[in-house]
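1. Prediction below, plus the sequence it came from.
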Amino acid sequence: MLSAAEDIMSKQSDNTDSTTVSPIVTRSYLTTTINHNTDFLKTTLNYDKYSIFKDSGNTSDVCLSDISNKQCEKTSTAPVLLADILPALVVKLIFPYFVHRIPYGVRNALICIFQVLAYITVAFSTNVPIAILGVVFAAIGSGWGEITYLSLSSNYHPDAILAWSSGTGAAGLIGSFAYAALTEPNWADISPKNTCLIMLIVPIVFAFAYWFLLKKDDKIQRAVLWNITTWIIKKETHVDIEDNHFKHNNDINVSKHYDLTMKESFKIIISMIKYMIPLGSVYFFEYLINQGLTSLIVFDCASGFSLSQASQYRWFQDVYQVGVFISRSSIKCFRMPYPLLWFLSAFQFAMLSLFILESMFSFIPHISIVFILILLEGLIGGAAYVNTFDQIHRTTKEEEKEFALSVATQGDCIGITLSGFIAIPIHNVICDFSLRRK
């Protein structure tokens, strides 16, 4: 969705445009990895984001031979970002406190339902508000999915974090490139509405992967479709975290759920802040770049590979996703110690400063340099994500791990939300500055 945010904003600025706003691609991806300790196939799922944009075939989608008179829209793509992230933030702030009472099968079913609602709502939308409603459905499913699947990984070997992170990185990469390929006039040029309806195959894949591919440990509570009493985990089936007998007898065939008191939950939240701050700051700087600044960076035909302004923005997002995928898949090669998480935050701030200067003064001579910088930005963000959750998975006590992983997801979500609010005035200030310089 974020790859196409600029198109939504242009739709808002031109109410007479007859172009239909439609969705295209979900960045959903299924990654499988072998757990070498238990020799079974393990599946990690990720539900990410949807795309909404104008129908392809736009004749104005051509490169600019002269950018001295380029237009600066005083509205950034941040409002779309907020529609995409705020519902997910609400889910992540509230659900971890009671989600352990809902079996993973029920959670997966709800994720699939929100996927279907998002696709259908946006596919048949006739205006931006309805399309944004579809984005909200997608965001709810995204937040619900992240806390669900990260919590689920606590039942498996730490390599599950590698599979999850690599899968989420590939999700953005596949979705972003698919969006570019399907919307470029000289490529597939498929109707966004039809493509969205075709992509309803994704919820089917999610359902098949969870209920048929994923081998579930006996400790995972199962829900039975025809037995509604199994849809909620009863309190008596939970295990108190002070029950040392359970902790030292792993052969007991009982679902592993721990009842945490408010005091215990608060203590875990406090312990997660040291991870959430560097992760959140990295994503804060990262999304300020992606949603407040990159749409202001434009190159002419000679310096921009003959790409139009819209295509340049789309490919900025694609290159960013390449960086995210590479770094999120790197944990087996290099694990960062905790202090380096703060270094990543400082490095991303330096990247933000550089992009602010470029958006104001346009001193970079060729788009290829910006591609390299955006690739580096994605590498930083992906490294912060995978190393944060890898450390939490490896260092947190078994009885606290499920809740800790759910809570830690608030870090990047809060950072992205704050960036969405701040990106709007930053974008407009730079627009005013650019107009005064003309």
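-> That came through fine.
2. what about the stretch 101-250 of the chain, any weak spots by pLDDT?
-> For the stretch 101-250 of the chain, the stretches flagged by pLDDT under 70 are 176, 179-180, 183-186, 218-250.
3. go again using 50 as the cut-off
-> Applying pLDDT under 50 to the stretch 101-250 of the chain picks out residues 237-250.
4. And the helices in it?
-> With DSSP state H, counting those that start in this stretch as the criterion, the stretch 101-250 of the chain has helices at 104-123, 128-152, 159-183, 192-198, 201-208, 244-247.
5. Relative to Cys301, which of those helices is closest?
-> For these, proximity to Cys301 was assessed by CB to CB; helix 159-183 is nearest, at 18.5 Å. The C-beta positions use only the backbone N, C-alpha and C, and glycine is treated the same way.
6. Buried residues of the closest one, list them for me.
-> 159-180, 182-183 (16 or more other CB atoms under 10 Å).
7. As CSV, the helices of the stretch 101-250 of the chain with distance to Ala408 would be great.
-> Written out in CSV, the entries for the helices of the stretch 101-250 of the chain read as follows (distance: least, CB to CB, whole Å):
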stretch, distance to Ala408
helix 104-123, 18
helix 128-152, 8
helix 159-183, 12
helix 192-198, 32
helix 201-208, 23
helix 244-247, 22
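8. Which among those is found nearest to Ser271?
-> Within the helices of the stretch 101-250 of the chain, the stretch nearest Ser271 is helix 128-152; the backing value is 16.4 Å (CB to CB).
9. who does the closest one touch, helix- and strand-wise?
-> Here helix 128-152 is seen to pack against helix 5-12, strand 21-35, strand 40-54, helix 78-94, helix 104-123, helix 398-437 when contacts are counted using 3 or more CB pairs under 8 Å, 6 or more residues apart in numbering; DSSP states H and E.
10. Buried residues, that helix. List them.
-> 128, 131-152.
11. Repeat that for stretch 294-307.
-> Within stretch 294-307, the residues that qualify as buried are 294-300, 303-304, 307, counting by 16+ other CB under 10 Å.
12. Just the terminal-to-terminal distance for it.
-> Start and end residues of stretch 294-307 are separated by 15 Å (CA to CA, to the nearest Å).
13. picking that back up, out of the helices of the stretch 101-250 of the chain, flag the one nearest Ser65.
-> When the helices of the stretch 101-250 of the chain are ranked by proximity to Ser65, the top entry is helix 159-183, at 22.4 Å, counting by CB to CB.
14. tell me the angle the helix or strand hosting Ser353 makes with helix 398-437.
-> Element membership of Ser353 [criterion: DSSP states H and E] is helix 338-361. Using axes from the mean of the first three to the mean of the last three CA atoms, to 10 degrees, the inter-axis angle of helix 338-361 relative to helix 398-437 is 20 degrees.
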